[in-house]
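**Student:** here is a sequence with its predicted model. Questions after.
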Amino acid sequence: TCNDDVAVELCTIDYCFNHAFDDPNCEKNVGCMEQINAWSKICKQFYIWDYTIDFAYYLSPFPNFDTLLENIRVLSSIGAKGLMSQGNYQTVSGEFGALRTYLLAKALENPNMSKEEYYGYMDAFLEAYYGPGWKNIRSYIDYFTALSNTKNSCFTIYSSPEEMFGNHAFAPESEQLKQWFEDALDMA
C-alpha cells in the first residue's frame with residue numbers, strides 16, 4: 001500500500017481507444033484494466049493521464065466518442081481522483097477537439113449519465129457550434145464511429161487511418177463525406 005501522501009498517475013498510452021477500458025473482449029484493455037485496478041487498490045490518490053486524439057494523424061477521424069463516457073464511468077467507479085485528457089495541443093482544434101473537450105467536461109460532471117443524455121449533449125454542442133447544418137456533421141461522426149465498430153479492431157493514439165478503418169474503407173463514401181461538410185457550410 002502506498003503512503004497517503006503518494007499520488008500515482010497512470011498513463012493510458014498503450015491502451016486500445018476503440019474499446020472501453022473495461023471491455024472484456026478487448027485483449028489489450030484487459031491487461032490495462034488489471035493495471036488500473038491494481039493501482040487503485042493500493043493508492044488513495046490515483047489519477048489517469050488519458051489521450052483523446054491520434055497523435056500521428058491529427059486531422060484524421062479518431063472514432064473514440066462512444067468510449068469517452070464509458071471510460072470516465074469506469075474510472076469514477078474505481079475511485080480515480082482525477083483525469084487529464086490530452087488532445088491536440090499543436091493547433092487550435094484538430095479533429096473535433098472542442099467537441100471532445102465539452103463531452104469530457106459533461107461526463108466528468110456526471111459519469112453516470114445515460115448514453116441518451118451524452119449524445120444529447122453532443123447534439124446540443126454540434127448545433128451551437130455548427131449552426132443549422134449540424135446534423136451533417138453528426139452524420140460524419142456517426143459514419144466513422146460505425147465504420148470503426150464494424151472493423152472492431154484495436155487502435156492506438158498512433159494508428160493510421162488504414163489500421164483503424166481498413167485500406168480505402170471510406171473511399172466508396174468519399175462523395176457523401178464531402179457532401180455532408182458542403183451542406184453544413186451552405187446552411188451556416
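**Tutor:** Perfect, thanks for sending it.
**Student:** and stretch 3-14, which residues are buried?
**Tutor:** By 16 or more other C-beta atoms under 10 Å, the buried positions in stretch 3-14 come out as 9-10, 12. C-betas here are computed from N, CA, C, even on glycine.
**Student:** what sits up against stretch 74-93?
**Tutor:** 7, 9, 20-22, 33, 36-37, 40, 45-53, 58, 72, 94-95, 97, 100-101, 104, 108, 111-112 (C-beta atoms under 8 Å, 6 or more residues apart in numbering).
**Student:** ok, now with 7 Å
**Tutor:** With C-beta atoms under 7 Å, 6 or more residues apart in numbering as the test, stretch 74-93 has contacts from 20-22, 36-37, 40, 45-53, 58, 72, 94, 97, 100-101, 104, 108, 111.
**Student:** how about low-confidence regions in this structure?
**Tutor:** 91-93 (pLDDT under 70).
**Student:** could you point out the longest helix in it?
**Tutor:** Counting residues, the longest helix found in the chain (DSSP state H) is helix 134-151.
**Student:** whatever helix or strand comes next after it packs against which elements?
**Tutor:** Counting by DSSP states H and E, the next helix or strand C-terminal to helix 134-151 is helix 161-165. When contacts are defined as 3 or more C-beta pairs under 7 Å, 6 or more residues apart in numbering; DSSP states H and E, helix 161-165 packs onto helix 134-151.
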